[in-house]
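**Student:** I would like the atomic coordinates for the input below:
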Amino acid sequence: MLAGALATSLAVHFALSLWPVDMAATPETPPLSVTLTEMPPPPKPVPVAAAPKPKPKRIAPRPVAPPVPVSAPEPAPAPVALDEPAIAEAAPAVEAAPVAAAPEPTTEVVAAPDPAIPETPPVQLPPRVDLAYKVFLGTQGFWIGDATYRFEHTGSQYRIATVGQARGLAALLIRGQGKIESEGRITRTGLQPQRFAIERGSSDRREVAAFDWESGIVTLHNQDTAALELPTYDPLALMWQAYFTPPTSDLQSFNIATTRRVMRYTVTREGTERIEWAQGEIDTERWHRRSDDGRTDGYVWLAPSLHYVPVKMRIVATNRGTLEALLDSIRVDEPVALQ
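**Tutor:** This is a model prediction of the structure:
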């Protein structure tokens, strides 16, 4: 779930988030001091997914109670001395009623997913993780900015926020910072966005897309609505999707919802490639998407050894030329003893 859309996320980030913003309006957050060379495994969504399942246990005892009074009248029609054997024969019938309690074991089996808790890896994702990228114009290393993607989670809820900062000569043309945010739930199939927001220049120029999964509708910035078809992501959720659910086929199709429209993407895994990043060489999978009009190509290089986070992203032939982002560091807010 990737490529062109991830590169589009990059384009969206730098076409929109490197928009003039009042620096004072950007909240300060504590820096993440620990730098990793590996990505911890993603958090497990077990607690929320298992919460609704204990309910069937309350239903199981109800069928057990009615059979008891039903079997009770049967001994009554035997008033003669024969009633003793009749009652004796009736006794097994009463014992047969508890067989109706058989569904109880099946309802208890529902709790079986709970043992998945011990299966969680010894190293877990910290509450906050930053993927910090250096952004270049072209492919020759002309540095124009930094982009940081912060992933935060509490239980089954996640928040992704990104801040772009122009650097070098680009800082003379683009001042300030820009922000994009995504919030939603961590499910067994990955991330399910609930809100996607872009701040265009100032807080009063904030655009939001709201995802209503119960009704199957996404409400866009201009109050237009569109159907929510599975799978649908926003650009930031897509960037982390492969981290939670690694791709299993060479062709992936999904929808991308921004604050203004919903688009259909199909991306292809072209092969493997060993590339350079801040920590040396790393093996990656290269994914590619060409836009429907053939004018834009998006590429993303995912690293299986880093749980499929993007190590490099590139978008070619945009109105700003070629943009490329390379992972510079992975930072967390607490020590992690990787094994």
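**Student:** from here on, just use CA atoms for contacts and neighbour counts.
**Tutor:** OK.
**Student:** give me the secondary structure label for the closest residue to residue 332 other than its chain neighbours.
**Tutor:** Nearest residue to residue 332, sequence neighbours excluded (Cα to Cα, 6 or more residues apart in numbering): residue 129, at 4.6 Å. Classification of residue 129 by DSSP: H, G, I helix; E, B strand; the rest coil places it in strand.
**Student:** for residue 246, same thing?
**Tutor:** coil.
**Student:** any idea how many residues pack against it?
**Tutor:** 16 (other Cα atoms under 10 Å).
**Student:** any idea how far residue 297 is from it?
**Tutor:** Counting by Cα to Cα, to the nearest Å, the gap from residue 246 to residue 297 is 22 Å.
**Student:** again, but for residue 233
**Tutor:** For residue 233 relative to residue 297 (Cα to Cα), the value is 20 Å.
**Student:** how much space separates the residue nearest to residue 332 from residue 39?
**Tutor:** The spacing between residue 129 and residue 39, counted by Cα to Cα, is 9 Å.
**Student:** what is in contact with the two at once?
**Tutor:** Common contact partners of residue 129 and residue 39 (Cα atoms under 8 Å, 6 or more residues apart in numbering): residue 330.
**Student:** what about these two, which has more around it?
**Tutor:** Using other Cα under 10 Å, the more surrounded residue of residue 129 and residue 39 is residue 129, with 25 against 22.
**Student:** what about residue 233 and residue 297, which has more around it?
**Tutor:** When residue 233 and residue 297 are compared on other Cα under 10 Å, the one with more neighbours turns out to be residue 233, at 27 against 20.
**Student:** is it true that the more buried one touches residue 256?
**Tutor:** Yes. If you go by Cα atoms under 8 Å, residue 233 and residue 256 touch, sitting 5.1 Å apart.
**Student:** report the residue ranges of every domain in this structure.
**Tutor:** Domain assignment for the chain by automatic domain parsing gives 3-38+127-332, 54-110.
**Student:** mean pLDDT lowest for which of those?
**Tutor:** The minimum mean pLDDT among those belongs to domain 54-110 (a mean of 47).
**Student:** pull up the pairing partners for whichever strand or helix holds residue 323, direction included.
**Tutor:** Per DSSP states H and E, residue 323 falls inside strand 321-332. Based on DSSP bridges, the pairing partners of strand 321-332 within the sheet are strand 34-36 (antiparallel), strand 128-137 (antiparallel), strand 309-318 (antiparallel).
**Student:** can you pull the buried residues of the last one?
**Tutor:** Of the residues in strand 309-318, those with enough neighbours to count as buried (16 or more other Cα atoms under 10 Å) are 309, 310, 311, 312, 313, 314, 315, 316.
**Student:** for residue 304, see how far away residue 41 is.
**Tutor:** 12 Å.
**Student:** let me redo that: residue 207
**Tutor:** In this view, residue 207 and residue 304 are 34 Å apart by Cα to Cα.
**Student:** to residue 225, which of the strands paired with strand 321-332 lies closest?
**Tutor:** strand 309-318 (27.5 Å; Cα to Cα).
**Student:** keeping just the C-alphas, turn the closest one into CSV.
**Tutor:** Presented in CSV, the C-alpha positions along strand 309-318 are these (Å, rounded to 0.1, in the frame of the first residue of the first chain):
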residue,chain,number,x,y,z
VAL,A,309,8.9,1.9,6.7
PRO,A,310,9.8,4.1,3.7
VAL,A,311,13.6,4.7,3.5
LYS,A,312,13.3,6.8,0.3
MET,A,313,10.5,8.5,-1.6
ARG,A,314,10.6,10.3,-4.9
ILE,A,315,8.0,12.1,-7.0
VAL,A,316,9.0,13.0,-10.6
ALA,A,317,7.7,15.6,-13.0
THR,A,318,5.5,17.6,-10.7
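**Student:** burial of the closest residue to residue 219 other than its chain neighbours, as a residue count?
**Tutor:** Of all residues not flanking residue 219 in the chain, residue 225 sits nearest, at 4.5 Å (Cα to Cα, 6+ apart). Residue 225 has 17 neighbours, counted by other Cα under 10 Å.
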